[in-house]
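coords please:
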Amino acid sequence: MYLEDYTLLTNDRLQIIKKLANECKDLEGEFIEMGVYRGGAALAIAKSSNRMIHLFDSFKGLPKPTEIDKHKEGQFNENRQNVEKVLMLFKVKYEIHEGFIPDTFKDCNIDKVAFAHV
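Numbering: from 1, shown residues only. The predicted structure is shown next:
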């Protein structure tokens, strides 16, 4: 399995995210990712930091665009079960908050964030 198959990020950007996650691993607060797609960046973050990661995604793709958005409705749609298979394969500790942001923030009980990837 190649990590690049599970993310839109280039390898150099993945390396930067991994380095930053590792540098934040001892900070107080939660690790979060907003927009999971196929789970590649979440996998890189969690494995680099050895931390549990909160994942926020609708798993329905993007919502209806506004006049300033460049992406299409439904773009980046990915099946939640496929994402979970990848994360479980690599024994990633995670919690999924399914739905659209900001609605999913209401019940997530996160008081402090140490690392966020958007």
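
return the distance of the residue nearest to residue 3 when sequence neighbours are not counted relative to residue 5.
The shortest distance from residue 3 to any non-neighbouring residue, by C-beta to C-beta, 6 or more residues apart in numbering, is to residue 40 (5.2 Å). In this view, the C-beta of every residue, glycine as well, is placed from N, C-alpha and C. Going from residue 40 to residue 5 by C-beta to C-beta, to the nearest Å gives 7 Å.

more crowded one of these two?
The residue with more neighbours, out of residue 40 and residue 5, is residue 40; 22 against 9, by other C-beta atoms under 10 Å.

just checking, the more buried one touches residue 13?
No. The pair residue 40 / residue 13 is not scored as a contact, 10.8 Å apart, by C-beta atoms under 8 Å.

helix, strand or coil for residue 84?
helix (DSSP: H, G, I helix; E, B strand; the rest coil).

that one - how many residues pack around it?
Counted with other C-beta under 10 Å, residue 84 comes out at 15.
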